[in-house]
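K.L.:
here are the coordinates; sequence isn't available:
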């Protein structure tokens with residue numbers, strides 16, 4: 001299936017937004033002076049919400065019409081697991097290596113003690129992306145727990161005849177909405193139950209709904225959806241920034257940023273399919289979109305390491321040293337993400353695709369069942 005340039009550009013924007021949010025925090029922590037990036041840049045964490053909406057869209061776009069069957073679902077799940085885990089293991093190991101150098105053990109015991117989680121338990125649950133009371137060894141991994149849960153649940157949806165898949169996702173979403181009043185999820189999914197009922201899963205389902213809508217041929221409302229999404233993003237920013245209760249943050253993000261990004265996704269993909277967008281999408285964003293998963297996982301490690309070396313040497317330069325730090329550290333993160341994608345992520349993806357093709361070639365044909 002042809003790659004959608006709009007999707008790759010949105011992936012790039014999501015990864016860059018998250019990086020800018022963390023750039024603000026790292027600059028403020030290490031510079032010893034007023035950061036150039038204001039606190040408003042913290043809103044860049046909404047790039048996670050955009051990633052979730054994109055993931056739901058892509059799953060339906062590439063697999064929503066597959067023939068029902070255990071083999072097809074297993075192939076889908078294998079593709080997603082091999083997309084997520086190898087690169088996660090690479091950067092989680094890098095984080096563990098940092099902890100060994102800093103503390104002599106591959107975990108941060110100071111953060112584990114208050115939640116009563118042992119180092120060994122923390123390690124294996126982090127590497128397998130199993131929810132537990134502590135954030136994963138590389139904290140960004142909390143989002144990957146949700147990704148893997150969605151992929152597993154969607155693999156089960158793919159077992160259904162095609163006509164039942166959309167209704168099943170609607171029921172799935174209604175169960176999550178109904179569970180919000182129970183208060184079982186809170187700020188972070190620290191158990192299987194809270195993961196199953198976490199409100200941000202609705203963002204995956206919003207993206208899935210957009211894909212089904214566009215696949216049905218309904219693309220007429222792109223020019224209405226585009227300004228609606230921009231208005232929605234402004235509303236989401238103002239709403240989330242006035243929130244005082246952290247436990248409500250995932251729900252608020254879901255019902256503000258989620259719809260805004262779903263409208264944006266619908267608008268841009270619809271315009272691209274109609275041929276009205278191709279020339280307007282910068283090729284640089286498409287390339288960064290290819291590297292976006294690597295950039296998402298590596299940027300905190302790279303920028304933090306850069307700050308520890310840079311600011312002790314240049315802390316007296318004032319405005320100039322902060323500006324240089326922002327430019328050089330973000331450039332370093334982009335360079336590492338390109339290297340990671342080119343020499344690690346892409347070769348693994350190519351190898352796993354060959355495994356799947358071999359599996360398909362050696363499997364008996366699946367009888368076609370009418371949806």
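P.N.:
Happy to help now that I have it. The model shown is predicted, which means the values in this text are computed figures rather than measured ones.
K.L.:
What average pLDDT does the helix or strand where residue 270 lies get?
P.N.:
If you go by DSSP states H and E, residue 270 is part of helix 249-273. For helix 249-273, mean pLDDT rounds to 96.
K.L.:
Likewise for stretch 85-104?
P.N.:
96.
K.L.:
now do stretch 202-210
P.N.:
Across stretch 202-210, the average pLDDT comes to 98.
K.L.:
now what about it, what contacts it?
P.N.:
Applying Cβ atoms under 8 Å, 6 or more residues apart in numbering, the contact partners of stretch 202-210 are 49, 52-60, 64, 146, 150, 154, 166, 169, 172-173, 176-177, 254-255, 257-259, 261-262, 265-266, 269. Just so you know, the C-beta spots here come from the backbone N, C-alpha and C atoms, and that holds for glycine as well.
K.L.:
Residue 43 is in contact with residue 240, correct?
P.N.:
Yes: assessed by Cβ atoms under 8 Å, residue 240 is found in contact with residue 43 at 7.4 Å.
K.L.:
Could you verify my assumption that residue 212 touches residue 64?
P.N.:
Yes: counting by Cβ under 8 Å, residue 212 touches residue 64, with 6.6 Å between them.
K.L.:
Pick out whichever of these two has more residues nearby.
P.N.:
Taking neighbours as other Cβ atoms under 10 Å, residue 212 and residue 64 compare with residue 64 leading, 20 against 17.
K.L.:
Report the separation between the residue nearest to residue 277 when sequence neighbours are not counted and residue 61.
P.N.:
Nearest residue to residue 277 in three dimensions, chain neighbours excluded: residue 271, at 4.2 Å (Cβ to Cβ, 6 or more residues apart in numbering). Separation of residue 271 from residue 61 (Cβ to Cβ, to the nearest Å): 16 Å.
K.L.:
Same check on residue 105?
P.N.:
Residue 105 sits 43 Å away from residue 61, going by Cβ to Cβ.
K.L.:
now swap in residue 87 and tell me
P.N.:
22 Å.
K.L.:
Likewise for residue 187?
P.N.:
31 Å.
K.L.:
what about those two, which has more around it?
P.N.:
Taking residue 187 and residue 61 together and counting by other Cβ under 10 Å, residue 61 has the greater number of neighbours (21 against 12).
K.L.:
ok, that one touching residue 213?
P.N.:
No: the criterion here is Cβ under 8 Å, and residue 61 misses it with residue 213 at 11.2 Å.
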